[in-house]
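> A predicted structure for the sequence below; I have some questions about it.
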Protein chains: 2
Amino acid sequence: MTERKKRPTLQDVADRVGVTKMTVSRYLKKPEQVSAPLRARIQQALDALGYIPNKVPDILSSSRSQAIGLLVPSLTNQVFAELIRGVESVTEPAGYQTMLAHYGYSPQAEEARIATLLGYSVDGLILSESVHTERVRRMIETAGVPVVEVMDSVSPAIEQAIGFDNEAASFAMTERMIERGHRRIVYFAARMDARTRLKIHGYERAMRAHGLEPRSLRTERASSFTRGALLLGQALERWPELDGVFCTNDDLAIGALFECQRRGIAVPDRIGIAGFHGHDIAAVVVPRLATVITPREEMGRRAADSLLRRLRGEPAGPPVVTLPFRIDEGGSLRPAS
Amino acid sequence: MTERKKRPTLQDVADRVGVTKMTVSRYLKKPEQVSAPLRARIQQALDALGYIPNKVPDILSSSRSQAIGLLVPSLTNQVFAELIRGVESVTEPAGYQTMLAHYGYSPQAEEARIATLLGYSVDGLILSESVHTERVRRMIETAGVPVVEVMDSVSPAIEQAIGFDNEAASFAMTERMIERGHRRIVYFAARMDARTRLKIHGYERAMRAHGLEPRSLRTERASSFTRGALLLGQALERWPELDGVFCTNDDLAIGALFECQRRGIAVPDRIGIAGFHGHDIAAVVVPRLATVITPREEMGRRAADSLLRRLRGEPAGPPVVTLPFRIDEGGSLRPAS
DNA sequence: GCCTGCCCGGTTACCCGTAACATACTACCC
DNA sequence: GGGTAGTATGTTACGGGTAACCGGGCAGGC
């Protein structure tokens, strides 16, 4: 059991058939160029030895891996699961492998992941961030691989950004809450990344535009249902008269919603609650959660599409693509009068 | 912009310094073997060119990639996110790269993913399934890489299984529901994989042991909150007198719980609800969800640990490791009398 | 002065699949 | 029968980092 068996190579298969490995390689890639009798014998040898194709030598000599790297900050966040699905719906049919890496919202970790991916010779990168270390920009530049950034359409892109306008989305939802009669609205933020800052800015701009005072509660911890519940408690202590909560994502919002239930606070009569992203769960809680529905899967599709297009040598398209978002009021805001 | 700059190699760096690439390679791996003045000049050249280490040639010549493959059926499922975290908490400090692949519960897709990973010369594999195609077993055998299977501790393992007893866990929760006074309990299952079958079996065994009639509702669709809500509707139509629902995972259970809220059905008085896995959300819904808390992260840690150990040539340990589960009654079962 | 040993850098070969080119052989035409 | 085209296989070289081995120069001991 401990004798290490070397995995079979093309040469092993070739020896067994009595041809050169080139012929076997041809059979695998362009079978019609190999005579019928040989085809049968080669296939037999492949089966007998259990040959597993080895991409490494080809990557080495061609410097092309037929793989792209996809970086997401987190895997537990539903948003990125849907982004991944979008990317793979394009890369897979095209015969490209997607290498997934996550970096826990840390720019340093992102840098390390990118270095690793480039070490495997990925042909292109999709990043979920618009803020990067200087070394990231340099690496991408010297590696000469195409890059697309997703999730945001505001910050200046390395090459191309495909996303939506976080600031505008946040502004729009805040206005909607105000229209529905909510006034003393508190913003719940978790991790303070660039996108969160944009969203807070949108919220504050909308509040001020209506002569209202913005108030926000921030935590450095990761967002979660539990965290949303905790934040609601803190907010009520600090601003007992609050009548609206706008959360940076659905997790916090759902947590806040449950905490209201637990405390017997009527939603939306006493407090209106809104989330961000529009996940499955927003549609099933009672009352349904008001949320901003963002084009997560579409961003993935578009980004992958643009990347593959460029790998085929086609032009990159516009440097910024802004996809639309949509507001779903659910049942957690006061009804329109 | 369109001139493709080739990414710098060790040779380029060496030329710039006036040494051979071997010396540069040494500097990167064992700097103490290079004289101090050269060290400085090499570092300068590395910075100037922005050299990015290339793992591919080394993988080719050593057949070792310092990477392991981790296969999970789904990324949207919280369970696997935690499994991944457990694996990486071990592989990362050890300097191993984790290559993630998902296969949507399809054995054929699993086979394809494994072939791809082996094509990149991963040094070992962690699989989340105990049922595999014949070709999967053969590939792993001929590739000669160590494998660990997680999530289940019952089915015969390829080499080693680290998991928990799905059947026993399901049996235990069913008994608990019965103890709490629920009798006409319906089982909600989604995708019919091997683990689901084990869980159903545990449920049925417990029901029969108490002279109760097992009833289950199955759907081939993926489980989700929405699906849980739908199943509850169907179940009530078919068995209006049901007083308990045991779901194959928390998502379905939460969906069912909300549907009860929507219909004004009292939980747990009229209907008791239990889920499986013990995610974050189970603890925040009102009432808290009864659920089986499974050792997701620990399975990942143990599996990675065992795999790395074997890669260092140490013995594999027992072929089956059964980790404990725990039942959390939450508030969605009737109180103990 | 010569040998020993160390330090530090260079040389060589290897991993394996495939692009590009070369060659053998057949068939067919005028 | 010589030329041409086409088909089927072989030959060669390449990619880039590193293990294993080699060798020059210098210090220190006797």
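Good, I have the coordinates. None of these values were measured; they are calculated from a predicted model.
> Would you indicate which residues of the helix or strand hosting A:L236 are buried?
Assigned by DSSP states H and E, A:L236 belongs to helix A:225-238. Within helix A:225-238, the residues that count as buried by 16 or more other CB atoms under 10 Å in any protein chain shown are A:F225, A:T226, A:R227, A:G228, A:A229, A:L230, A:L231, A:L232, A:A235, A:L236. The way it works is simple: take the backbone N, C-alpha and C, and place the C-beta from them, glycine included.
> Alpha carbons of that helix, as PDB, please.
C-alpha atoms of helix A:225-238 as PDB (Å, rounded to 0.1, in the frame of the first residue of the first chain):
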ATOM      1  CA  PHE A 225     -28.400  37.900  12.100                       C
ATOM      2  CA  THR A 226     -27.200  37.900  15.600                       C
ATOM      3  CA  ARG A 227     -25.400  41.200  15.100                       C
ATOM      4  CA  GLY A 228     -28.500  42.800  13.600                       C
ATOM      5  CA  ALA A 229     -30.400  41.900  16.700                       C
ATOM      6  CA  LEU A 230     -27.700  43.400  19.000                       C
ATOM      7  CA  LEU A 231     -27.500  46.600  17.000                       C
ATOM      8  CA  LEU A 232     -31.200  47.100  17.300                       C
ATOM      9  CA  GLY A 233     -31.000  46.900  21.000                       C
ATOM     10  CA  GLN A 234     -28.200  49.400  21.100                       C
ATOM     11  CA  ALA A 235     -30.000  51.700  18.800                       C
ATOM     12  CA  LEU A 236     -33.100  51.700  20.900                       C
ATOM     13  CA  GLU A 237     -31.100  52.500  23.900                       C
ATOM     14  CA  ARG A 238     -29.500  55.500  22.300                       C
END
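> Contacts made by it with the rest, please.
Residues from elsewhere that reach helix A:225-238 (CB atoms under 8 Å, 6 or more residues apart in numbering or on different chains): A:186, A:188, A:190, A:217, A:219, A:221, A:242, A:245, A:247, A:251-260, A:262, B:280-281, B:283-284.
> Could you rerun that using 6 Å?
Here helix A:225-238 makes contact (CB atoms under 6 Å, 6 or more residues apart in numbering or on different chains) with A:186, A:188, A:217, A:221, A:242, A:251-252, A:254-256, A:259, B:280-281, B:284.
> Tell me if A:F188 really is in a strand.
Yes: under DSSP: H, G, I helix; E, B strand; the rest coil, A:F188 sits within a strand.
> Cross-check the contact I'm expecting between it and A:D250.
No: A:F188 is beyond contact range of A:D250, at 11.3 Å (criterion: CB atoms under 6 Å).
> how does chain A divide up, domain by domain?
Domain ranges of chain A: A:10-54, A:64-164+A:296-324, A:166-293, per automatic domain parsing.
> Report the distance from the helix holding A:L236 to the chain centre.
Its chain's average C-alpha position is 27 Å from that of helix A:225-238, according to CA atoms, centre = their mean, to the nearest Å.
> From chain B, how far out is the nearest residue to A:R64 once chain neighbours are set aside?
Leaving aside its sequence neighbours, A:R64 sits nearest to A:D123 (CB to CB, 6 or more residues apart in numbering or on different chains; 5.9 Å). A:D123 sits 12 Å away from chain B, going by CB to the nearest CB, to the nearest Å.
> what would the buried residues of helix A:225-238 look like in a markdown table with pLDDT?
As requested, the buried residues of helix A:225-238 are exported to a markdown table (pLDDT from 0 to 100):
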| residue | pLDDT |
| --- | --- |
| A:F225 | 90 |
| A:T226 | 90 |
| A:R227 | 93 |
| A:G228 | 95 |
| A:A229 | 94 |
| A:L230 | 94 |
| A:L231 | 96 |
| A:L232 | 97 |
| A:A235 | 98 |
| A:L236 | 98 |
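> What is the burial count for the residue in the stretch 51-200 of chain A that DNA strand D sits nearest to?
Nearest to DNA strand D, among the residues of the stretch 51-200 of chain A, is A:S61, at 3.4 Å (CB to the nearest atom of the strand). Neighbourhood size, A:S61 [other CB atoms under 10 Å in any protein chain shown]: 10.
> for the stretch 1-150 of chain A, what spans make up the helices?
Using DSSP state H, counting those that start in this stretch, the helices of the stretch 1-150 of chain A run over A:10-17, A:21-29, A:36-49, A:56-62, A:78-91, A:107-119, A:134-143.
> looking at these, which is buried most?
helix A:78-91 (a mean of 22; mean count of other CB atoms under 10 Å in any protein chain shown).
> Could you list the residues in contact with that helix?
Residues from elsewhere that reach helix A:78-91 (CB under 6 Å, 6+ apart): A:70, A:72, A:98, A:277, A:279, A:296-297, A:300-301, A:304-305, B:75-76.
> Among these, which pair sits farthest apart?
Largest separation among the contacts of helix A:78-91 by CB to CB: A:H279 and A:D305, giving 23.9 Å.
> When the two are compared, which one has more neighbours?
Each of A:H279 and A:D305 has its neighbours counted (other CB under 10 Å); A:H279 has more, 24 against 19.
> For that one, give me phi and psi.
phi -90, psi 170 (degrees, to the nearest 10).
> The one 4 residues further on too?
With angles defined as degrees, to the nearest 10, A:A283 shows backbone torsions of phi -80, psi -10.
> Could you find the closest non-adjacent residue to it?
Nearest non-adjacent residue to A:A283 (CB to CB, 6+ apart): B:T226, at 6.8 Å.
> ok, now how distant is the one you found from DNA strand D?
Noted for B:T226: a distance of 50 Å to DNA strand D, by CB to the nearest atom of the strand, to the nearest Å.
> Could you check how far that residue is from B:G124?
To B:G124, B:T226 is 38 Å away according to CB to CB, to the nearest Å.
> Nearest to the middle of chain A, which residue? Look it up for me.
A:F80 (3.4 Å; CA atoms, centre = their mean).
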